[in-house]
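Undergrad: Sequence isn't available, so here's the structure alone:
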Ligand code: HEM
Ligand code: HEM
């Protein structure tokens, strides 16, 4: 095993706070309460900071370092299809697509949530419906995200959830690294 330091403390704190905030609002808190709104704004603030970090943070946190090209996506699909075991040190191309989807849907939930509190859109049905549908889309995405993390951990032999806790990816010595 070779350890690679990948995720800085901000990324890890961001990730698990986002999980807590989203889960609390989607599953636990009363959606008519003020707490729901504040937790929702906290999620939006977290995503805002993450967007900034994507430009000024360390290399593996930068969007430029994991922005997925079509070739890279096809290569990863090829790896999966042909059982070629290659690991990515940062986010994988398919992982990156999911990450952009998750960040965007969190912002859209926040915007529609805020709209419901304004005089102009208060009680407007399509806004409420959009908020609800976006939450459902986010929930589907999260289930796929977790399934993909488990699958990729199994396929590449790298424990990805542990890396999101400790910051270090431990790559088995017989596994090659993808670009
Ligand atoms: C509400 C639920 C979740 C949301 C919204 C979410 C969102 C995200 C986001 C936005 C990232 C990108 C991190 C970054 O670069 O900033 C990410 C990465 C990651 N998430 Fe989650 N996540 C959720 C649940 C989970 C759970 C339960 C696990 C553990 C099984 C997990 C494991 C990971 C891992 C391992 C990565 C890094 C993947 C890689 O190595 O490229 N996530 N997640
Ligand atoms: C992580 C972000 C958020 C999640 C997961 C979330 C989730 C939800 C869910 C599941 C509902 C119930 C939808 C239904 O069944 O009708 C809801 C309703 C609502 N949300 Fe959010 N929300 C988030 C952010 C926000 C924000 C930022 C605001 C406003 C500042 C907000 C304001 C509202 C309002 C006003 C309702 C309607 C409550 C009612 O029925 O009177 N939400 N939200």
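TA: Yep, that arrived. Treat the numbers as computed from the prediction; the structure is a model and nothing was measured. Residues are numbered from 1 along each chain as shown. Ligands and ions are numbered 1, 2, ... in the order given.

Undergrad: the bottom helix or strand of this structure by mean pLDDT?
TA: The helix or strand of the chain with the lowest confidence, counting by mean pLDDT, DSSP states H and E, is strand 176-177 at a mean of 93.

Undergrad: Output the contacting helices and strands for that strand.
TA: strand 86-87 (3 or more C-beta pairs under 8 Å, 6 or more residues apart in numbering; DSSP states H and E). Bear in mind the C-beta positions are built from the backbone N, C-alpha and C, glycine included.

Undergrad: Can you pull out the residues in contact with the strand it packs on?
TA: 79, 156-158, 169, 171, 175-178 (C-beta atoms under 8 Å, 6 or more residues apart in numbering).

Undergrad: Can you list the low-confidence ranges for this structure?
TA: Applying pLDDT under 70 to the chain flags the ranges 179.

Undergrad: Look up how far residue 76 lies from residue 84.
TA: 10 Å (C-beta to C-beta, to the nearest Å).

Undergrad: element containing the residue most central in space within the chain?
TA: Relative to the mean C-alpha position of the chain, the nearest C-alpha, by C-alpha atoms, centre = their mean, is the one of residue 99, at 4.0 Å. Taking DSSP states H and E as the criterion, residue 99 maps to helix 93-116.

Undergrad: Return the set of buried residues in the helix or strand following that helix.
TA: For helix 93-116, the following helix or strand on the C-terminal side (DSSP H and E) is helix 125-156. Within helix 125-156, the residues that count as buried by 16 or more other C-beta atoms under 10 Å are 127-128, 130-131, 134-135, 138, 141-142, 145, 148-149, 152-153, 155-156.

Undergrad: by contact count, what packs against helix 125-156?
TA: helix 93-116, helix 160-166.
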